[in-house]
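Chemist: for reference, the sequence and a predicted model appear below.
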Amino acid sequence: MYKDITAYIGALRSRYSNASTIRGAVCAIKAYYSYLCHTGMRKDNPAKAIRLKDRRNSDVQLQDLFSTEELEAMLERKEPYYKWGYRNKVLVGLLIYQALWPQEMAAVRVADIDLTAATVYIRATRNTNARTLPLKANQVLLFYEYIHAIRQN
């Protein structure tokens, strides 16, 4: 079965030049065999160990990026729950203005936020260094309201 799958991948390579098309087909094959194993129709997944070594396209599609106005409009979005609205605005502000990764935002603690200096300390992760970033004026107000009024309740 493994030979059949690799032969099929070879046929896909001769038909398609785009590596992401081939990667998508291999993902579908892996999912199909996982389903067969899950339902008991097969005992093994012959495609599980297949790893393609094609380079991934990591180009950023600039037309898909949000403008500054669109990003700031996300902060003005109405939330159905009062407490979540403030928390979400704080998190979206960190995404927009400080460009934090989700794991960096998860690591931020109340002690890392210095409202008098208008800074937030970001802890080091496996991919990024620790750093102190400035907060915008509207973020300071959101953080203050969230920490001292909303979060306390």
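Modeler: Right, received. Where do you want to start?

Chemist: in this protein, which helix or strand is least confident?
Modeler: helix 68-75 (a mean of 76; mean pLDDT, DSSP states H and E).

Chemist: buried set for that one?
Modeler: Leu75 (16 or more other Cβ atoms under 10 Å). For glycine as for every other residue, the C-beta is placed from the backbone atoms N, C-alpha and C.

Chemist: that helix: how far from the chain's middle?
Modeler: 19 Å (Cα atoms, centre = their mean, to the nearest Å).

Chemist: kindly export stretch 108-119 (C-alpha atoms) in CSV.
Modeler: C-alpha atoms of stretch 108-119 as CSV (Å, rounded to 0.1, in the frame of the first residue of the first chain):
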residue,chain,number,x,y,z
VAL,A,108,1.4,38.4,30.1
ARG,A,109,0.6,38.8,33.8
VAL,A,110,-0.9,41.8,35.6
ALA,A,111,2.6,42.4,37.2
ASP,A,112,4.0,42.7,33.7
ILE,A,113,1.9,45.8,33.0
ASP,A,114,3.2,49.2,34.1
LEU,A,115,0.5,51.7,33.6
THR,A,116,2.5,54.6,35.0
ALA,A,117,5.2,54.0,32.4
ALA,A,118,2.7,52.9,29.8
THR,A,119,4.6,49.7,29.1
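
Chemist: now do that stretch: everything it contacts.
Modeler: 94, 100, 120-123, 132-135, 137, 139-140, 143-144, 147, 151 (Cβ atoms under 8 Å, 6 or more residues apart in numbering).

Chemist: tell me the buried residues within those residues.
Modeler: Leu94, Leu100, Val120, Ile122, Leu135, Gln139, Val140, Phe143.

Chemist: circling back to that earlier point, after the least confident helix or strand of the chain, which helix or strand is next? Please name it.
Modeler: helix 82-97 (DSSP states H and E).

Chemist: quick check: angle from that following helix to helix 68-75?
Modeler: Put simply, helix 82-97 runs at 160 degrees to helix 68-75, going by axes from the mean of the first three to the mean of the last three Cα atoms, to 10 degrees.

Chemist: give the other helices and strands that helix 82-97 contacts.
Modeler: helix 68-75, helix 102-107, helix 137-145 (3 or more Cβ pairs under 8 Å, 6 or more residues apart in numbering; DSSP states H and E).
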